[in-house]
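Colleague: any chance you can model this:
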Amino acid sequence: MLSPFGNWILPQGRDALCFRRVAGVERSESPVAEIPGARRHSTPATQTVSIKLAHYLICPRIRLWRPPLLPFLCRLCKSDSEKTLTKELWMEVPQRRAIVSIHDEVARLVAESGVHEGLALINAMHITASVFINDNETGLHHDYEAWLERLAPFDASAAKYRHNATGEDNADAHLKRQVMGREVVVAITAGKLHLGPWEHIFYYEFDGRRRKRVLVKIIGE
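Modeller: Numbering: from 1, shown residues only. Coordinates of the predicted model:
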């Protein structure tokens, strides 16, 4: 419906409830100052709004837009149903390189989070390891190993990799990580990871034999 304030569009249903909370109908106790000179209206209580200063321009959650005003983030309309979960998975691969499935553990954390609709970020927290998604098939994993070794073969000497002049021997691991990437982001739908039929989440270690971490960050409703 059109608002008496001009070309504001008032949302309906669940978003309208959020708007009423923000605008003051259901949160009239909010200490946010009113806009000087704002008009009041003798309309039903569910539509009677006093626009607050902090929400005058835009609240992206309730989809209000009045060009050409710039957007401001709304701090008062955060949904009570929003959930987050942050976990660090400890990895300790005994060999130098290996591909390790973390798919089931990520799925378990999604269930633990209680998020029904949202996103999951999974990233390696070390610069010689990767997280990626692909087929859970040993032949493909062997192909990855052979391909990466051709791109950046292991060589502990500083003659091939200047990085190894620092006293380390893992320059190839840094380059392999750059190719395979740092993280993946997966949609959560109906409380489950929303993946294709052959997609599987893996941790790829390029310089193992020590403890490392993988961050799992889940957010949604």
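
Colleague: averaged over its residues, which helix or strand of the protein has the lowest pLDDT?
Modeller: helix 13-23 (a mean of 44; mean pLDDT, DSSP states H and E).

Colleague: gap between the two ends of stretch 170-186?
Modeller: Terminal residues of stretch 170-186 are spaced 30 Å apart (C-alpha to C-alpha, to the nearest Å).

Colleague: touching it from outside, list them.
Modeller: 97, 106, 119-124, 127-133, 144, 148, 151-155, 160-164, 193-195, 201, 204, 206-207 (C-beta atoms under 8 Å, 6 or more residues apart in numbering). All C-beta atoms are positioned from the backbone trio N, CA, C, and that covers glycine.

Colleague: that one: which residues count as buried?
Modeller: Buried positions in stretch 170-186, judged by neighbour count with 16 or more other C-beta atoms under 10 Å: N170, A171, D172, A173, H174, L175, K176, R177, M180, R182, V184, V186.

Colleague: average pLDDT for the helix or strand that contains V110?
Modeller: Assigned by DSSP states H and E, V110 falls within helix 103-113. Per-region confidence: helix 103-113 scores 98 on mean pLDDT.

Colleague: can you give the contact residues for stretch 97-116?
Modeller: For stretch 97-116, contacts defined as C-beta under 8 Å, 6+ apart pick out 83-85, 87, 89, 91, 93, 120, 122, 131, 136, 141, 144-145, 173, 186, 188, 190-193, 200-208, 214, 216, 218-221.

Colleague: out of the residues you listed, which are buried?
Modeller: 85, 87, 89, 91, 93, 120, 122, 131, 144, 173, 186, 188, 193, 200-208, 214, 216, 218-220.

Colleague: of these, which belong to helices?
Modeller: Counting by DSSP state H, the members of those that fall within helices are Y144, A173.

Colleague: verify the stated contact: E199 with F132.
Modeller: No. The criterion here is C-beta atoms under 8 Å, and E199 misses it with F132 at 10.3 Å.

Colleague: which of these two has more residues huddled nearby?
Modeller: Comparing E199 with F132 by neighbour count (other C-beta atoms under 10 Å), the higher total belongs to F132, at 19 against 15.

Colleague: pick out the most distant pair among the buried residues of stretch 170-186.
Modeller: A171 and V186 (30.8 Å; C-beta to C-beta).

Colleague: what sits against the residue lying closest to A171 once chain neighbours are set aside?
Modeller: On the basis of C-beta to C-beta, 6 or more residues apart in numbering, the spatially nearest residue to A171 that is not a chain neighbour turns out to be Y161, at 3.3 Å. For Y161, the contacting residues are D155, A171, D172, taking C-beta under 8 Å, 6+ apart as the criterion.

Colleague: TSV please, covering those and showing pLDDT and distance to S113.
Modeller: Converted to TSV, the contacts of Y161 look like this (pLDDT from 0 to 100; distance: C-beta to C-beta, whole Å):
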residue	pLDDT	distance to S113
D155	98	43
A171	98	38
D172	98	36
